[in-house]
Structure formats: C-alpha cells, structure tokens
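> 3D model of this:
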Amino acid sequence: MTALPLVLKVLLAVLVIVAGIYDVLWRRIPNWLVMPAFLLGLGLNALLGSDYAPGLKEAGIGVAVAFLVYFPLYLLGGMGAGDVKLMAAIAAITGWKNWLIIFIFSGILGGVIALGIVLTKGRLRQTIWNLGYILWELAHLRSPRKAGEEFDIRSAKAVTMPHGAVVALGCLFFLGGGFLIGS
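Take a look at the predicted model:
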C-alpha cells in the first residue's frame, strides 16, 4: 500500500461518500462529481510527485487498469458508465497499487452484500443458475443481457445493487485500514 497525503485522502473520502449516497438515492453517479475528482487526482499526483504521493505515472497506470477492468463489464451490461468513471477517478487519486486493494475490498464487500440481497429476496437458486448461464455466455463470447430482462441491469426484473455505494465502502475500509497501520 502506498501512503496517501491527507489532501488525497480527503478528496477520496468526499468523492466516494457523495457518489455512494447519490448512487443509493438516484442509482446514478454524476459526471459533475467524478470528472473534477479525476482531474484533481491526476493534478495533485503530478504536483506532489512520487515522493509524497503515488505520482502521475502510478495514477495513470491506475486509470488504465481501472478502465481495462471496468469498461468491458459496462459493455456487457453488468454496470453503468458512472461506475467505470468512478473507479477511474479513484485510481487517478490513489494510484494503481492502492486501487487494486480498493478493488479487492469492494469485491469482497460486494459479494457479501449481494449474497444478503439474494437471500432476503429468496432468489439464491435462481441467482446460481443465472451466474452459470452468464459464465456460459461469456465463455462463448456472447453478451448475457440479450437473453432476457433479468440479465440487464436497466430492467426492473433484474436484482441489482448500487455498485457506487459498495465501492464507497471499499474505499472507506481502505482509508480506515491505512489509518490503523499509520500510512
């Protein structure tokens, strides 16, 4: 984990808290929020350099990695464009090493939350079948969302969760963990 200066920690916290709340309430992550944070993240990393922050190179690599991971998921209909832009902004602020930690935290938390949602809706068996179907379609280079409404996140029949809120929790765990280990 690369230590972040306070200004980047505050920028990250403000970004993800607002994005998480906005995503829960309106199921969108607005450009007016992520684009300035993206530019500020890159600018501050360039200004502070790699002595005090991840640096512009680390931030740029992070943006590329975030985009390479999230953009295909957007193209397949697994998430919205706001989620892609949010993760790119987070990478611009934190650099690629920290972004990977946040990605892992968000994935674990998202899995636990998704399991809770599926169990409370009584859809565990259907979700396991759907997951198998999605993997089958992806293995055959086909988009699963073309199979039916429940595979398209924009449909009311799909069981969804606000990914921006889950990412916000992952970032807050990251920030809290950094605080505990003194970085």
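
> average model confidence for the lengthiest helix in the chain?
The residue-count maximum for a helix in the chain (DSSP state H) belongs to helix 96-120. Across helix 96-120, the average pLDDT comes to 95.

> Would you mark the buried spots in that helix?
96, 98-103, 105-106, 109-110, 113, 118 (16 or more other C-beta atoms under 10 Å). The way it works is simple: take the backbone N, C-alpha and C, and place the C-beta from them, glycine included.

> How far off centre is that helix?
9 Å (C-alpha atoms, centre = their mean, to the nearest Å).

> Pull the residues that contact it.
1-2, 4, 54, 58-59, 61-62, 64-66, 69, 87, 90-91, 94, 124, 127, 159, 161, 163, 166-167, 169-171, 173-174 (C-beta atoms under 8 Å, 6 or more residues apart in numbering).

> Return the members of these classed as buried.
Among the contacts of helix 96-120, those classed as buried by 16+ other C-beta under 10 Å are 2, 4, 54, 58-59, 61-62, 65-66, 87, 90-91, 94, 127, 161, 163, 166-167, 169-171, 173-174.

> So which of those are in helices?
58-59, 61-62, 65-66, 87, 90-91, 94, 127, 163, 166-167, 169-171, 173-174.

> what about this protein, any weak spots by pLDDT?
152-153, 155, 157-158, 178-183 (pLDDT under 70).

> 50 - rerun?
179, 182 (pLDDT under 50).

> What number of neighbouring residues does D83 come out with?
As a burial measure, D83 scores 23 neighbours (other C-beta atoms under 10 Å).

> where's it, which helix or strand?
Here D83, judged by DSSP states H and E, is contained in helix 81-94.

> by contact count, what packs against that helix?
Judged by 3 or more C-beta pairs under 8 Å, 6 or more residues apart in numbering; DSSP states H and E, the packing partners of helix 81-94 are helix 6-26, helix 31-52, helix 55-75, helix 96-120, helix 163-180.

> nearest to L141, of these?
Nearest to L141 among those is helix 55-75 (11.5 Å), distances taken as C-beta to C-beta.

> Touching that closest one from outside, list them.
With C-beta under 8 Å, 6+ apart as the test, helix 55-75 has contacts from 2, 38, 41-42, 45-46, 48-50, 54, 79-81, 83-84, 87-88, 90-100, 103, 143.

> what's the answer for stretch 16-26, then?
For stretch 16-26, contacts defined as C-beta under 8 Å, 6+ apart pick out 28-30, 33-34, 82, 86, 90, 162-165, 167-169, 171-172.

> change it to 7 Å
Residues outside stretch 16-26 that contact it (C-beta atoms under 7 Å, 6 or more residues apart in numbering): R28, I29, P30, L33, L86, P162, G164, A165, V167, A168, C171, L172.
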